[in-house]
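Participant: sequence and predicted structure below; questions after.
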Amino acid sequence: MKTALVTGANKGIGFETAKILAQQGFFVYLGCRSAENGQAAVQRLKTAGLNNIEDILLDVTDQRSVDQARRIIGEKTGCLDVLVNNAGISGIYEQSALTTLPEDYLTVFDTNVFGVVRVTEAFIDLLRGAAEPRIVNVTTAMASLTLAADLYGNSYPKRYVAYQSSKSALNMYTVNLAYELRDTNFKVNAVCPGHTQTDFTRQQGTSSPEQAGQRIAKFALIGRDGPTGQFFSEEYFPEPANCPW
């Protein structure tokens, strides 16, 4: 049975992605910052008839927590087929390039960028043990420099400088990771789930968590001829060739 780890999986997009992968026959580890929330998420999935799941205590901002999760999963399996780096935060509500404090940037980057680096580096050996490993980094169209540079357009009526900057950095990390793994069977991509109705967006958005989960899971399941080192935002740019970084 193939295995997958989804971070930030106790609710929202992460939960739906984990659910889809479990439905596809993966044994899915739900990385959750809270043991209580993780157990509740697992119970919801088991009630839905999915037993090939397990919650793992995993705080991506804590190296000891990441290492502990790696040890536990490594004792259960010799390889990891899919890693979905989904855990993320938006940061403070009001974000301005003129007033947002450095510590506010650090808080957001610690989860959205450094957290991804921690988890990826911790689990890369298990991923190398898989025949066709996949890494999906959950990003946003709001990280696009091309769109943000349209200063007087309507791409972003409200901007979040710390959040957008962190996801732009994540995109660059994704490209470099894909580059270093280009001669292997890895596929590494950055995927925007769309403007999704979750707690993250205060239940506002144009996509359901189920739709967002499908967009993420699609790139966790791509075949050997699939893309790598690319950015996808299917809600905003249905044609990949027109999807701006």
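Facilitator: That came in fine, so what should we check first? Predicted model, so just to flag it, every value in this text is computed and none were measured.
Participant: in the chain, which helix has the most residues?
Facilitator: helix 161-180 (DSSP state H).
Participant: just checking, what packs against that helix?
Facilitator: helix 102-109, helix 115-128, strand 134-138, strand 187-191, strand 230-232 (3 or more Cβ pairs under 8 Å, 6 or more residues apart in numbering; DSSP states H and E). Placement of C-beta: from N, CA and C, glycine included.
Participant: what helices or strands is the last one leaning on?
Facilitator: Spelled out, that is strand 230-232. helix 161-180, strand 187-191.
Participant: pull up the pairing partners for that strand, direction included.
Facilitator: When pairs are called by DSSP bridges, strand 230-232 turns out to pair with strand 187-191 (parallel).
Participant: and the partner strand, how far out from the chain middle?
Facilitator: Mean-position distance between strand 187-191 and its chain equals 10 Å (Cα atoms, centre = their mean, to the nearest Å).
Participant: any residues touching that strand, and which ones?
Facilitator: In this structure, residues lying in contact with strand 187-191 by Cβ atoms under 8 Å, 6 or more residues apart in numbering are 132-139, 170-171, 174-175, 177-178, 181, 215-216, 218-219, 222, 226-233.
Participant: show me what counts as buried in the longest helix of the chain.
Facilitator: Residues 161-171, 173-175, 177-178 are the ones in helix 161-180 that count as buried (16 or more other Cβ atoms under 10 Å).
Participant: using PDB, write down the CA coordinates of it.
Facilitator: Taking C-alpha atoms only, helix 161-180 is exported to PDB below (Å, rounded to 0.1, in the frame of the first residue of the first chain):
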ATOM      1  CA  VAL A 161       2.400  41.400   2.200                       C
ATOM      2  CA  ALA A 162       3.700  38.800   4.800                       C
ATOM      3  CA  TYR A 163       1.500  36.000   3.500                       C
ATOM      4  CA  GLN A 164       2.100  36.800  -0.200                       C
ATOM      5  CA  SER A 165       5.900  37.100   0.400                       C
ATOM      6  CA  SER A 166       6.000  33.800   2.200                       C
ATOM      7  CA  LYS A 167       4.200  31.900  -0.600                       C
ATOM      8  CA  SER A 168       6.400  33.600  -3.300                       C
ATOM      9  CA  ALA A 169       9.400  32.300  -1.300                       C
ATOM     10  CA  LEU A 170       7.800  28.800  -1.100                       C
ATOM     11  CA  ASN A 171       7.400  28.900  -4.900                       C
ATOM     12  CA  MET A 172      11.100  29.600  -5.300                       C
ATOM     13  CA  TYR A 173      11.900  26.800  -2.900                       C
ATOM     14  CA  THR A 174       9.700  24.500  -4.900                       C
ATOM     15  CA  VAL A 175      11.500  25.300  -8.200                       C
ATOM     16  CA  ASN A 176      14.900  24.700  -6.700                       C
ATOM     17  CA  LEU A 177      13.800  21.500  -5.000                       C
ATOM     18  CA  ALA A 178      12.500  20.200  -8.400                       C
ATOM     19  CA  TYR A 179      15.700  21.300 -10.000                       C
ATOM     20  CA  GLU A 180      17.800  19.300  -7.600                       C
END
